[in-house]
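pasting the structure only:
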């Protein structure tokens with residue numbers, strides 16, 4: 001549902017800006033990013049889940065409108081923020097005695113990176 005809403009928002013933006021190429025660009029970058037994220041999840045099972053791949057697809061639709069530079073900056077931001085997030089999560093994780101100890105959710109990082117990159121309008 002989130003992906004459909006984001007695609008609708010992209011379509012509205014493209015119609016207002018008279019730039020329908022933005023819809024195709026957004027969709028292609030989103031699928032590419034989701035496939036890369038899925039590949040990373042398959043390389044090391046348990047590191048990333050289907051929710052992370054879905055979040056990447058949804059945020060990829062938003063960031064994909066900005067073009068290749070925006071997508072690259074988004075991935076770089078995800079890497080930097082992800083490292084900081086993992087360090088903080090391990091330090092302040094309240095589930096230290098559970099089987100999920102040390103496993104930080106990555107969806108907040110994907111969202112925060114997109115929120116930081118989108119206003120730049122690269």
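Nice, I can see it. Computed from a predicted structure; not experimentally measured.

How far off centre is the one helix or strand residue 8 maps to?
Taking DSSP states H and E as the definition, one finds residue 8 inside helix 2-17. With Cα atoms, centre = their mean, to the nearest Å as the basis, the distance from the averaged C-alpha position of helix 2-17 to the chain average is 17 Å.

Let me know the secondary structure of residue 97.
Three-state assignment for residue 97 (DSSP: H, G, I helix; E, B strand; the rest coil): coil.

Against residue 57, how distant is it?
In this view, residue 97 and residue 57 are 34 Å apart by Cβ to Cβ, to the nearest Å. C-beta: built from backbone N, CA, C; applies to glycine.

So which of these two has more stuff around it?
Between residue 97 and residue 57, counted using other Cβ atoms under 10 Å, the more crowded position is residue 57 (22 against 6).

how about low-confidence regions in the protein?
For the chain, residues meeting the criterion pLDDT under 70 lie at 94, 99-102, 122.

Other residues contacting the helix or strand following the helix holding residue 8?
From helix 2-17 onward toward the C-terminus, using DSSP H and E, the following helix or strand is helix 21-43. Under the contact criterion Cβ atoms under 8 Å, 6 or more residues apart in numbering, helix 21-43 has outside partners 3, 7, 10-11, 13-14, 47-50, 52-54, 56-58, 60-65, 67-68, 71, 75.
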